[in-house]
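A.B. asks: Any chance you can model this:
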Amino acid sequence: MAVLSILIPVYNEQAYLERLVDRVVAARLPESLQKEIIIVNDASKDRTSEVIQKLRERYPNIRTFEQPVNQGKGAAIRRAIEAMTGDFAIIQDADLEYDPNEYHLMLKPLLEGYADVVYGSRFTCREMRKVLFYHHKLGNYLVTFLSNMVTGLDLTDMETCYKAFRGQVLKSIPLRSNRFGIEPEITVKIAKRGLSVYEVPISYHGRKYSEGKKIGWKDGISAIWTILKYWFLDDYANESDVLQVQNSPDSLRRYYHDIVRRSLPYLGNNILELESHVGLVSRLLPQREQLVVSDHREECVRFLENLYDGNAVVSVIRLDPDSESPSDTPIPNNEFDSVLYVHGLQKTEHDAAALKRIYNMLRPGGNVILVVPQYPSLFCELDKTLGYRRRYTKRNLGQLCQETGFRIVQCRSIHVAAYFSWLINGVFFRRTGIGKVQLKILNMLTPISGLLSLLLPGGNLLLVAEKNKVHFAR
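C.D. replies: Predicted structure coming up:
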């Protein structure tokens with residue numbers, strides 16, 4: 001059974017916490033879900049700790065944590081995220097402003113596969129609303145407007161507490177803000193990640209400051225600073241996560257656009273993409289009769305399944321081009337008229353065997369489009385860090401394809417900026433990674449790389465090869 005983690009940051013809420021938790025426990029969830037309630041006490045100075053102890057006696061399954069010193073809502077949420085184990089998560093303030101009976105509204109887009117993140121809006125149409133402070137609402141509109149301008153999202157309530165997530169997505173976002181800046185920080189980072197965001201109307205029973213409301217005008221200024229800060233910084237995925245920041249949509253958007261643009265003339269109606277990762281290329285591919293995206297890593301397959309859930313044209317399979325696995329999805333011979341393999345062949349242990357598998361998947365006359373790094377002289381620790389086993393030359397890549405039975409249609413050098421980036425970082429300075437600023441520069445220079453590649457060496461090869469009508473592989 002799937003688990004919903006309910007994350008409750010608490011600071012000086014002795015008056016409301018007990019009633020709130022009673023409501024959370026009583027709230028009904030869809031039958032496919034069970035609750036995991038996590039309370040983080042942010043070094044409260046009132047009787048909150050005593051209330052939490054009473055709640056633990058009443059509800060033994062509640063998990064509670066104590067912050068050693070007061071750090072703020074954002075820090076408490078980070079602590080709760082570290083402890084959560086749920087497939088889904090929702091943030092719940094420790095007061096009575098938000099109604100746990102509306103969890104089902106927040107969860108619906110997640111459970112139906114539409115969303116990665118859901119915002120509960122206090123300002124869209126609903127049955128009723130409590131009339132409170134106009135200037136507070138105006139400030140909310142201001143920061144939401146600025147956030148939308150920066151992120152390109154169309155939210156009506158960026159500052160809402162009610163945000164629900166797929167558990168894996170929330171854990172993969174690095175969060176730095178300690179106070180209420182956590183709201184704009186999350187928003188900017190999910191936008192930069194290209195996640196699917198939905199918004200649903202919720203009721204709101206706001207408190208007055210005399211009743212314990214804590215957010216103030218200083219937090220509004222902080223929100224504006226946080227929006228601008230994380231708009232400038234590329235800090236929206238954990239470096240250790242499989243969905244690495246260097247492979248994110250924003251970092252190399254033009255780079256992948258260029259690869260797809262060059263591949264389009266050779267793509268048919270039934271396309272297979274190998275090693276799709278998180279769909280950076282597949283999102284740009286034409287969806288004609290059939291588009292199959294694949295990866296050998298289970299976490300990437302799950303991500304792709306969520307991304308394309310409900311799409312009648314796109315299907316997701318588990319497939320390892322390097323070697324057949326019992327968990328691979330069986331593919332009949334002569335299934336596709338196009339196979340796209342971007343930056344994968346150099347990672348295979350047996351590239352000839354991988355090409356043979358691709359050959360068998362293709363229909364007679366079908367095309368394989370390969371993008372691989374070139375110049376073996378550039379091979380360095382940076383390549384090893386990325387899992388590369390080799391680099392190619394036009395000659396040995398062409399010969400490998402011909403020996404498999406392919407007829408070479410085109411083989412050209414591309415991406416001049418990638419060549420110099422590897423030469424400087426990997427060969428000269430022996431680095432094992434490329435900085436985020438350099439990635440942005442590499443991305444920006446991609447449009448002019450086509451012209452420069454006529455005069456200067458490129459970091460990659462783009463090869464198009466056709467499967468012959470009669471197989472004569474040796």
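A.B. asks: What helix or strand is the nearest residue to Asp235 once chain neighbours are set aside located in?
C.D. replies: Spatially, and ignoring its direct neighbours in sequence, Asp235 is nearest to Pro174 (6.1 Å; Cβ to Cβ, 6 or more residues apart in numbering). Yep, even glycine has a C-beta here, placed from its N, CA and C like the rest. Using DSSP states H and E, Pro174 falls within no helix or strand.
A.B. asks: how many other residues sit next to Pro174?
C.D. replies: Per other Cβ atoms under 10 Å, the neighbour tally for Pro174 reads 15.
A.B. asks: Local confidence estimate at it?
C.D. replies: We have a pLDDT of 90 for Pro174.
A.B. asks: swap in Ser325?
C.D. replies: On the pLDDT scale, Ser325 gets 81.
A.B. asks: Please report how far it lies from Val316.
C.D. replies: Per Cβ to Cβ, to the nearest Å, Ser325 is found 16 Å from Val316.
A.B. asks: And for Arg302?
C.D. replies: Separation of Arg302 from Val316 (Cβ to Cβ) stands at 9 Å.
A.B. asks: Who has more neighbours out of those two?
C.D. replies: Shown here are Arg302 and Val316; by other Cβ under 10 Å, Val316 has more neighbours (25 against 15).
A.B. asks: if I've got this straight, that one is in a strand?
C.D. replies: Yes - per DSSP: H, G, I helix; E, B strand; the rest coil, Val316 lies within a strand segment.
A.B. asks: Show me what it is bridged to.
C.D. replies: For Val316, the beta-bridge partners are Val293 (DSSP bridges).
A.B. asks: per the record, what domains does this protein have?
C.D. replies: Domains of the chain are assigned by automatic domain parsing as 2-232, 245-467.
A.B. asks: need the longest strand for the chain.
C.D. replies: If you go by DSSP state E, the chain has its longest strand at strand 362-373.
A.B. asks: helices or strands next to that strand in the packing?
C.D. replies: Using 3 or more Cβ pairs under 8 Å, 6 or more residues apart in numbering; DSSP states H and E, the elements in contact with strand 362-373 are strand 336-342, helix 351-361, helix 394-404, strand 406-414, strand 460-467.
A.B. asks: Out of the ones you listed, which gets nearest to Leu252?
C.D. replies: Closest to Leu252 of those, according to Cβ to Cβ: strand 336-342, at 11.2 Å.
A.B. asks: Contacts made by stretch 349-365 with the rest, please.
C.D. replies: The contact list for stretch 349-365 (Cβ atoms under 8 Å, 6 or more residues apart in numbering) reads 270, 272, 274, 321-324, 331, 333-339, 341, 345, 348, 368, 389-390, 400-401, 403-406, 466-471, 473.
A.B. asks: Put the buried members of these into a PyMOL selection.
C.D. replies: The PyMOL selection below is limited to those of the contacts of stretch 349-365 classed as buried (16 or more other Cβ atoms under 10 Å):
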select buried, resi 270+272+274+321+322+331+335+336+337+338+339+341+345+348+368+400+401+404+405+406+466+467
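A.B. asks: Now the longest strand of the chain: buried residues?
C.D. replies: By 16+ other Cβ under 10 Å, the buried positions in strand 362-373 come out as 362, 366-373.
A.B. asks: can you tell me which two in the residues you listed are farthest apart?
C.D. replies: The distance between the two most remote of the buried residues of strand 362-373 (Cβ to Cβ) is 24.5 Å, for Gly366 and Pro373.
A.B. asks: Return the member of the buried residues of strand 362-373 nearest to Ile202.
C.D. replies: Distances from Ile202 to those, taken as Cβ to Cβ, are shortest for Val371 (45.6 Å).
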